[in-house]
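Undergrad: This is the structure alone, sequence omitted:
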């Protein structure tokens, strides 16, 4: 059994590395297409949209690989004397990762709110929403915000998404570590209803999936244009 788990763990790690590498290749192809002058606008937008959808599937695969690694490590040590230490260390490490990524995400959000509220309109550049001079760390910084997007996408674009992505990923992993790995103690109350552990876990994950499906379906309706009702 341990040999099978080790083989599965190595396989998942290889898949994770492949997906990570493939994600970077898709990003590079998307930038290349955005700067390709031989393509017409509609064809370029269609290709970029396909790249975006491809990356969504890749990120989903990365998420499942990450959770699979956590699960395989747990099952490998589950029947050993080390399981208590493994659970404790998984809890501590993933929790601190979650806090660190969360701080980075919230900090970036506050920073962009500050920049948004401090933009200066340049009448000579109507395509811009504004610009801002800043001083930090002994250096001057100059940023510009476009109304929509530049006519030609630059090659080196930093996308502020990984802070939120890894905050969600570590948070979801923490949900498994704290509640689903200790379902008998943290998820199921036998005084109310004594159900098998796997049933409680399926109900927990299923409720999240159903909630997301309902939210996504509602976001595709005209209700999205009415924030008070949508909220």
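TA: Ah, there it is. Since the model is a prediction, treat every value here as computed from it, not as a measurement.
Undergrad: got a list of what the residue sitting nearest the centre point of the chain touches?
TA: In the chain, the residue lying closest to the centroid (CA atoms, centre = their mean) is residue 165, at 2.0 Å. If you count contacts by CB atoms under 8 Å, 6 or more residues apart in numbering, residue 165 has them with residue 59. All C-beta spots, glycine's among them, are computed from the backbone N, C-alpha and C.
Undergrad: and if you look at residue 17?
TA: With contact set as CB under 8 Å, 6+ apart, residue 17 has no partners.
Undergrad: all helices for this protein, in order.
TA: Remark: helices assigned in the chain by DSSP state H are 2-34, 41-77, 83-117, 162-175, 197-219, 227-230.
Undergrad: Just name the most buried of the ones you listed.
TA: Compared across the helices of the chain, helix 162-175 shows the largest average neighbour count, a mean of 18 (mean count of other CB atoms under 10 Å).
Undergrad: what's the angle from that one to helix 83-117?
TA: Put simply, helix 162-175 runs at 150 degrees to helix 83-117, going by axes from the mean of the first three to the mean of the last three CA atoms, to 10 degrees.
Undergrad: Tell me the spacing between the spatially closest residue to residue 141 that is not a sequence neighbour and residue 183.
TA: Spatially, and ignoring its direct neighbours in sequence, residue 141 is nearest to residue 134 (4.3 Å; CB to CB, 6 or more residues apart in numbering). Separation of residue 134 from residue 183 (CB to CB, to the nearest Å) stands at 49 Å.
Undergrad: okay, those two: which has more neighbours?
TA: Neighbours per residue (other CB atoms under 10 Å) separate residue 134 from residue 183, with residue 183 holding more: 17 against 12.
Undergrad: Give me the local confidence score for the closest residue to that one other than its chain neighbours.
TA: Distances taken as CB to CB, 6+ apart place residue 197 nearest to residue 183, at 4.5 Å, with adjacent residues excluded. Model confidence at residue 197, given as pLDDT, is 86.
Undergrad: from what I can see residue 197 touches residue 188, true?
TA: Yes. Residue 197 is in contact with residue 188 according to CB atoms under 8 Å; the separation is 6.9 Å.
Undergrad: For the residue nearest to residue 141, give me its contacts.
TA: 140-143.
Undergrad: Among those, which one lies nearest to residue 127?
TA: Ranked by distance to residue 127 (CB to CB), the contacts of residue 134 are led by residue 143 at 14.9 Å.
Undergrad: what is that closest one paired to in the beta sheet?
TA: Per DSSP bridges, the residues bridged to residue 143 are residue 132.
Undergrad: Contact partners for it?
TA: Taking CB under 8 Å, 6+ apart, we find residue 143 in contact with 115, 131-132, 134.
Undergrad: Repeat that for residue 224.
TA: Contacts of residue 224 (CB under 8 Å, 6+ apart): 218, 230.
Undergrad: care to break the protein down by domain?
TA: 1-79, 83-163, 182-231 (automatic domain parsing).
Undergrad: Serialize these to TSV and add fields for distance to residue 173.
TA: Shown next, in TSV, are those (distance: least, CB to CB, whole Å):
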stretch	distance to residue 173
domain 1-79	5
domain 83-163	5
domain 182-231	13
